[in-house]
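1. Requesting a structural model of the entry that follows:
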Amino acid sequence: MTYELFTLLLNALICLGLPWIYNYAYAKQPGVGGKRLMGNRDMLPERTGIAARGLRAHQNQLENLVPFAIIVFSAHAIDISNTVTIICATLFLIARIAHAGFYIAGITRLPGVNGVRSIAYFISLFSMLVYAAQLFWH
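-> Here you go, the predicted structure:
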């Protein structure tokens, strides 16, 4: 398995793990509970806090995982793996972990830096674009 495929696998595992976080938080919300979550989920209250942010983080991870997977699989199919693709895959993974962590924790600002979640998103997007460019420059 190439390093890039390994980072794709880790991103998929993040995607699989996020529902455990936000559904646990949702089950703790008043009026929800684990038993109601095991049913058809009709008439449940709106998600709030970590449950809502976690769901949005998961949706964003899914939206970014699909193009990243296509890029990684395309590169793998034509046997492209180099320093640039490895750096891009690493940046994508780190940025996606940061994005999900900031989103779930509700962190929008670090000392001296506003919009940290958006910065993490744009780093992941830029890394995908640079990675994809390798497919055309090979």
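2. and Ala120, what does it touch?
-> 95-96, 98-99, 102 (CB atoms under 8 Å, 6 or more residues apart in numbering). For the C-beta atoms, the positions are set from N, CA and C on the backbone; glycine is no exception.
3. Isn't Leu135 up against Phe73?
-> No - between Leu135 and Phe73 there is no contact under CB atoms under 8 Å: 10.8 Å.
4. Ile50 is in contact with Asn23, correct?
-> No - contact criterion CB under 8 Å: Asn23 and Ile50 do not qualify, at 10.3 Å.
5. Mind checking which residue lies nearest the centre of the chain?
-> Gln61 (3.0 Å; CA atoms, centre = their mean).
6. Excluding residues flanking it in the chain, which one is nearest it?
-> Computed as CB to CB, 6 or more residues apart in numbering, the closest residue to Gln61 that is not its neighbour in sequence is Cys15, at 4.9 Å.
7. who's in contact with the strand or helix carrying that neighbour?
-> Assigned by DSSP states H and E, Cys15 belongs to helix 3-27. Surrounding helix 3-27, the residues in contact under the criterion CB under 8 Å, 6+ apart are 1, 32-34, 37, 47, 49-55, 57-58, 61-62, 65, 68-69, 72-73, 75-76, 81, 85-86, 89-90, 92-93, 96-97, 100, 104.
8. switch to 6 Å and redo it
-> For helix 3-27, contacts defined as CB atoms under 6 Å, 6 or more residues apart in numbering pick out 32, 34, 37, 47, 50-51, 54-55, 58, 61, 65, 69, 72, 85-86, 89, 93, 96.
9. what comes up buried for that helix?
-> For helix 3-27, burial by neighbour count (16 or more other CB atoms under 10 Å) applies to 4-5, 7-8, 11, 14-15, 18, 21-23, 25-26.
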